[in-house]
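[1] sequence and computational prediction follow.
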Amino acid sequence: MEWMELAETLAALAESVSTLPVEGTGLYVTHAELAVPLEVRAGIRDQQLVFFAQPPHSRWRSGFLPPTHISRLSIAAEAASAS
């Protein structure tokens with residue numbers, strides 16, 4: 001599995017929360033809190049520090065797999081501004 005940049009991973013998580021009404025219910029998502037386990041690592045690319053993140057290899061903790069960090073993401077709907 002190729003590691004994605006942390007920013008791309010967080011953007012994909014944010015995009016997974018749809019603010020459109022749930023079909024047939026009329027319910028809208030106005031706020032969501034996500035707590036997602038991620039394996040995070042840093043690297044150098046073009047002489048710049050870059051962070052990468054991906055879901056963990058396993059849901060079980062062991063002594064030989066990379067450590068897992070819980071990433072918390074809060075998403076809220078914003079009122080449209082009248083122009």
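    Cool, got the structure.

[2] how about the longest strand along the chain: buried residues?
    Longest strand in the chain by number of residues (criterion: DSSP state E): strand 31-45. Residues of strand 31-45 classed as buried: 32, 36, 38, 39, 40 (neighbour count, 16 or more other C-beta atoms under 10 Å). C-beta here means a position set from N, CA and C on the backbone, and glycine is covered the same way.

[3] please identify the helix or strand for the residue nearest to residue 40 when sequence neighbours are not counted.
    In this structure, residue 40 finds its nearest non-sequential neighbour in residue 53, 4.9 Å apart by C-beta to C-beta, 6 or more residues apart in numbering. Assigned by DSSP states H and E, residue 53 belongs to strand 48-54.

[4] which SSE is immediately downstream of that strand?
    strand 69-76.

[5] report the mean confidence score over that next one.
    Here strand 69-76 scores 85 as its mean pLDDT.

[6] try stretch 40-60
    Rounded mean pLDDT across stretch 40-60 is 87.

[7] got the contact list for that stretch?
    1, 3-7, 9-10, 36-39, 65-66, 68-69, 71 (C-beta atoms under 8 Å, 6 or more residues apart in numbering).

[8] and with 7 Å instead?
    Stretch 40-60 has contacts (C-beta atoms under 7 Å, 6 or more residues apart in numbering) with 1, 3, 4, 5, 6, 9, 37, 38, 39, 65, 68, 69.

[9] buried residues, it. List them.
    Neighbour-count burial for stretch 40-60 [16+ other C-beta under 10 Å]: 40, 52, 53, 54, 56.

[10] circling back: each with direction, which strands does the longest strand of the chain pair with?
    Within its sheet, strand 31-45 is paired with strand 48-54 (antiparallel), strand 69-76 (antiparallel), according to DSSP bridges.

[11] quick one: buried residues of the longest one?
    Translated: strand 69-76. Result for strand 69-76 [16+ other C-beta under 10 Å]: buried residues 71, 75.

[12] relative to the whole chain's centre, how far out is that strand?
    7 Å (C-alpha atoms, centre = their mean, to the nearest Å).

[13] go on, the shortest one?
    Offset of strand 48-54 from its chain centre (C-alpha atoms, centre = their mean): 14 Å.

[14] let's see that strand as PDB, backbone CA atoms only.
    C-alpha atoms of strand 48-54 as PDB (Å, rounded to 0.1, in the frame of the first residue of the first chain):
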ATOM      1  CA  GLN A  48      10.900  19.400   2.700                       C
ATOM      2  CA  LEU A  49       9.400  17.600   5.700                       C
ATOM      3  CA  VAL A  50       6.300  15.700   4.700                       C
ATOM      4  CA  PHE A  51       3.900  13.700   6.900                       C
ATOM      5  CA  PHE A  52       2.200  10.500   5.600                       C
ATOM      6  CA  ALA A  53      -0.700   8.600   7.100                       C
ATOM      7  CA  GLN A  54      -2.700   5.500   6.400                       C
END
